[in-house]
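**Q** Sequence first, then the predicted structure, then my questions.
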Amino acid sequence: MSRLKILTWHIHGSYLYYLSQIDHDIFIPVTPERTLGYYGRTPSYPWPANVHEIPAHLVKETRFDCVIYQHKQNWLVDREAILSPEQRAGPQIYIEHDPPRENPTNTTHIVRDPNVLLVHVTQFNELMWDNNRVPTRVIEHGVLVPSSIRYTGSLSRGCVVINNLHARGRRLGLDIFQEAKQRFPLDLVGMGWAEVGGIGERNHLELFSFMKDYRFFFNPIRYTSLGLAVCEAMMIGLPILGLATTEMVTAVKNGVNGYVETDRAKLYRHITRLLADPEEALFLSRGARHLATERFNIERFKGDWHGAITDVVGHRSLSTSPSYSSLKVTHASLND
């Protein structure tokens, strides 16, 4: 397929950065106010040359091969505000970054158009959403870490990476973090760090160098998608410790690349042991790096996205594309 022009919004900077590794041109609308989705090429990321800013008022006048939505505001508001009727009727993909919040099992997704491909970033998310019989596909995260940055574990502390934890409460594990921080040396980085006793912010590349010396990565989150920071920490080689919920239970194998538990007492015993035993941490580090390389490598991610875009732009019937409905047959055959 020739090089395509794709319109999307800047919602999650890290995800957009990894999406920009595909071999197509990505256009992100901007406004003078730089509000949600219209941030443009922010200085926190080393954006490649294929990411282009476009004034929002010029979007209707520009031909795009595919539109990718990443937030309910894109779908409910921005689509009508800045797209032409022809663009709204063309090839479209909606990336759902999160599991359902209102009700974990009975929440109906806002996309109801069977001509739109609904892409989930984890199998857990696809399972939990009521997808309206809209065609779905799971494209798991892919991350890119410089080869020169690798785990040392020399610092007997744990690293936590969450933005605005103070405002996101129990869902993101504010209480778990506060409880664990009273017991163990934990350093939190991310936006809103001062409100929860963190130590600052780091831009994308600085974060990798910052994390590599910590003994382990601590993830107190109860209920959200699998965080890119978790995948990045694994790719560097940090052992992962966290709660055995959502997709975390498939990303972390106890005794291989870290530990996940629903019993906090057990989790805290693992933390105590790793702080005292750098050799076990080094063993888990090798497992983390191996699993991340197998599962979250950027080439696999790029290939998955190339396949999704090819199917949508090529007008192949989405009902016959890899989706939950077709995977269900495969699972049934395995059980025979």
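**A** Perfect, I can see it now. Fair warning: this is a prediction, and the values are worked out from it, not measured in the lab.
**Q** contacts, neighbours, all on C-alpha from now
**A** Fine.
**Q** List the residues that contact the residue lying closest to residue 192 once chain neighbours are set aside.
**A** The shortest distance from residue 192 to any non-neighbouring residue, by Cα to Cα, 6 or more residues apart in numbering, is to residue 164 (4.5 Å). Taking Cα atoms under 8 Å, 6 or more residues apart in numbering, we find residue 164 in contact with 190, 191, 192, 193.
**Q** same check, this time on residue 271
**A** Residue 271 is in contact with residue 241, counting by Cα under 8 Å, 6+ apart.
**Q** following the strand or helix carrying it, which helix or strand shows up next?
**A** For residue 271, the host element (DSSP states H and E) is helix 264-276. Downstream of helix 264-276, the next assigned helix or strand under DSSP H and E is helix 278-295.
**Q** mean confidence for that following helix?
**A** Average pLDDT, helix 278-295: 98.
**Q** what packs against that helix?
**A** If you count contacts as 3 or more Cα pairs under 8 Å, 6 or more residues apart in numbering; DSSP states H and E, helix 278-295 packs onto strand 214-219, helix 228-236.
**Q** neighbouring strands for the first one, and are they parallel or not?
**A** Pairing partners of strand 214-219, with direction, according to DSSP bridges: strand 155-161 (parallel), strand 240-243 (parallel).
**Q** Output those in JSON lines, with distance to residue 130, mean neighbour count and mean pLDDT appended to each entry.
**A** Output for the strands paired with strand 214-219, formatted as JSON lines (distance: least, Cα to Cα, whole Å; neighbours: other Cα atoms under 10 Å; pLDDT from 0 to 100):
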{"stretch": "strand 155-161", "distance to residue 130": "30", "mean neighbour count": "21", "mean pLDDT": "98"}
{"stretch": "strand 240-243", "distance to residue 130": "25", "mean neighbour count": "26", "mean pLDDT": "98"}
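**Q** Can you redo these as TSV, where the extra columns are distance to residue 313?
**A** TSV is the format used below for those (distance: least, Cα to Cα, whole Å):
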stretch	distance to residue 313
strand 155-161	36
strand 240-243	38
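**Q** Go through the ones you listed and name the closest to residue 214.
**A** strand 155-161 (4.9 Å; Cα to Cα).
**Q** Just the buried residues of the helix holding residue 271, please?
**A** Neighbour counts using 16 or more other Cα atoms under 10 Å place 267, 268, 270, 271, 274, 275 of helix 264-276 among the buried residues.
**Q** Would you pull up how far it lies from the middle of the chain?
**A** 27 Å (Cα atoms, centre = their mean, to the nearest Å).
**Q** re earlier: mind putting the buried residues of helix 264-276 in CSV, pLDDT and distance to residue 203 included?
**A** Converted to CSV, the buried residues of helix 264-276 look like this (pLDDT from 0 to 100; distance: Cα to Cα, whole Å):
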residue, pLDDT, distance to residue 203
267, 98, 29
268, 98, 29
270, 98, 30
271, 98, 27
274, 98, 27
275, 98, 27
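**Q** Okay, and which of the contacts of residue 164 map to strands?
**A** Among these, no member falls in strands (DSSP state E).
**Q** Out of those, flag the one nearest to residue 262.
**A** Using Cα to Cα, the contacts of residue 164 come closest to residue 262 at residue 190, 24.8 Å.
**Q** Now tell me what touches stretch 67-81 from outside.
**A** Stretch 67-81 is contacted by residues 6-9, 11, 37, 87-88, 90-97, 110-111 when judged by Cα under 8 Å, 6+ apart.
**Q** Kindly recompute the last result at 10 Å.
**A** When contacts are defined by Cα atoms under 10 Å, 6 or more residues apart in numbering, stretch 67-81 is touched by residues 5-12, 16, 26-27, 36-37, 56-57, 60, 82-83, 85, 87-98, 109-111, 116-119, 309, 313.
**Q** Where helices are concerned, which of these count?
**A** Using DSSP state H, 16, 82, 85, 87, 88, 89, 309, 313 are the members of the contacts of stretch 67-81 that sit in helices.
**Q** The fourth one against residue 63, yeah?
**A** Yes: because the distance of 8.0 Å satisfies Cα atoms under 10 Å, residue 87 is recorded as touching residue 63.
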